[in-house]
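> Starting from these lines, generate the structure:
(chains A and B)
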Number of protein chains: 2
Amino acid sequence: MTKAFDLRIAVPEVRRYIRVLAISGSLRARSSNTALLESAARLAHAGMEIAVFTGLGDLPHFNPDLDGEGHEAPLAVASLRELVSAADGLIISSPEYAHGIPGSMKNALDWLVSYPDFAGKPVVVWNASAAGGQRAQASLVEILTTMSARLLVEASLVEPFLRKRLSPGAELTDDDALLAVRSSLAALSASCA
Amino acid sequence: MTKAFDLRIAVPEVRRYIRVLAISGSLRARSSNTALLESAARLAHAGMEIAVFTGLGDLPHFNPDLDGEGHEAPLAVASLRELVSAADGLIISSPEYAHGIPGSMKNALDWLVSYPDFAGKPVVVWNASAAGGQRAQASLVEILTTMSARLLVEASLVEPFLRKRLSPGAELTDDDALLAVRSSLAALSASCA
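Residues are numbered from 1 along each chain as shown, chains lettered A, B, ... in the order given. Here you go, the predicted model:
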């Protein structure tokens, strides 16, 4: 076999883009977090594809009895896990409820705790809360670190300024916010490459 | 009307027992937290009735669009809220998943954040984890405080010793554990009275 047919060498060269799974932690129809992720998907550079996931509400409640060896994951869980496996990196954008992350957001993470493909995945954490959000962010960092995510803390958007900077059409137009999102995407891209 | 018929005076005297809602944070069939609460229900003194709630898995995912004025709560949410209203105090016994509380536990709390009857309710927090549990406990304290619960921190069982002290039949038999549970119930009872 010649070197030209060695797939271990050829594969990285034909890989043309970075796939990012962007999970919105809110189920609201007019969610700022979902709008932020959709704006980011439109901003992504040519080599990056961002798929926005808003299906947290379709997942069953996590039950350890139904997880692990000998159990087939519920369909919605299997779908989320496939999306995670196919992604090179993740963005999680979550609101804060009562100084914590939404239960539905944590429930999705509970289903990913024992999923091997999640560990080591580059993750950035965003927050589009109107005010505050730091406690939810801190909880997410603690949980994701425990789950062995490769958390890009320096690329996370912790400042609660983003919601105010979405246009009425939920477009990100503010220069500073655009810069912050582009920087975060660039850091995630570099980590995935 | 004579004083004997003034219900505002008569009602406190005919009230014979304290009603406690005990919420298990685990959906496992053989959950240590559920077993601990069921043991406590059997230990309760004559003037206390403890109802164990294991229905977190029946609640829909919280969505702010469906909460608040002008919205009728989903049936399972309305049932939980009625149980909370009818209770003089609450016990929450929750496992820890990935250094946080289970998503399904937080989801139930998300539905209670804006429910007026929850605020001011005496609450004790227990944990029957095999090991650790302090981070879930700290999260619960932060969240419940934000929700204006009357948290009885000194009556909470933070020590991760309880699981080991359940008998194979999930009965609490260990003297120290029995003492800890009885003390916590007494403090809750005093706070409810």
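> which of the residues in stretch A:42-52 are buried?
Neighbour counts over stretch A:42-52 (16 or more other Cβ atoms under 10 Å in any protein chain shown) mark A:44, A:48, A:50, A:52 as buried. Heads up, the C-betas are built off the backbone N, CA and C, glycines and all.
> Span of it from start to end?
By Cα to Cα, to the nearest Å, the extent of stretch A:42-52 from end to end equals 11 Å.
> the helices in chain A, which residues?
A:7-14, A:32-43, A:75-86, A:103-112, A:134-146, A:175-192 (DSSP state H).
> Which stretch among these is buried most, on average?
Per-stretch averages of neighbours, counted by mean count of other Cβ atoms under 10 Å in any protein chain shown, single out helix A:103-112 among the helices of chain A, with a mean of 26.
> List the contacts of the spatially most central residue of chain A.
In chain A, the centroid-proximal residue (Cα atoms, centre = their mean) is A:Ile91; its distance is 2.5 Å. By Cβ atoms under 8 Å, 6 or more residues apart in numbering or on different chains, A:Ile91 lies in contact with A:20-23, A:37, A:40, A:50, A:123-126, A:184, A:188.
> what would the residues you listed look like in JSON lines with pLDDT and distance to B:Arg150?
Below are these laid out as JSON lines (pLDDT from 0 to 100; distance: Cβ to Cβ, whole Å):
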{"residue": "A:Val20", "pLDDT": "97", "distance to B:Arg150": "44"}
{"residue": "A:Leu21", "pLDDT": "98", "distance to B:Arg150": "41"}
{"residue": "A:Ala22", "pLDDT": "98", "distance to B:Arg150": "40"}
{"residue": "A:Ile23", "pLDDT": "98", "distance to B:Arg150": "35"}
{"residue": "A:Leu37", "pLDDT": "93", "distance to B:Arg150": "38"}
{"residue": "A:Ala40", "pLDDT": "92", "distance to B:Arg150": "42"}
{"residue": "A:Ile50", "pLDDT": "96", "distance to B:Arg150": "45"}
{"residue": "A:Val123", "pLDDT": "98", "distance to B:Arg150": "37"}
{"residue": "A:Val124", "pLDDT": "96", "distance to B:Arg150": "38"}
{"residue": "A:Val125", "pLDDT": "95", "distance to B:Arg150": "33"}
{"residue": "A:Trp126", "pLDDT": "92", "distance to B:Arg150": "35"}
{"residue": "A:Ser184", "pLDDT": "94", "distance to B:Arg150": "41"}
{"residue": "A:Leu188", "pLDDT": "96", "distance to B:Arg150": "43"}
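> just checking: which of those also lie near chain B?
Among those, no residue is within reach of chain B (Cβ under 8 Å from any Cβ of the partner chain).
> next one: phi and psi at A:Pro102?
phi -60, psi 140 (degrees, to the nearest 10).
> gap between it and A:Ile23?
For A:Pro102, the distance to A:Ile23 equals 11 Å [Cβ to Cβ, to the nearest Å].
> Can you check which residues contact both of those two?
A:Leu56.
> Contact residues of chain A facing chain B?
Residues of chain A lying near chain B by Cβ under 8 Å from any Cβ: A:26-29, A:56-57, A:59-65, A:97-110, A:113, A:135, A:139, A:142-143, A:146-147.
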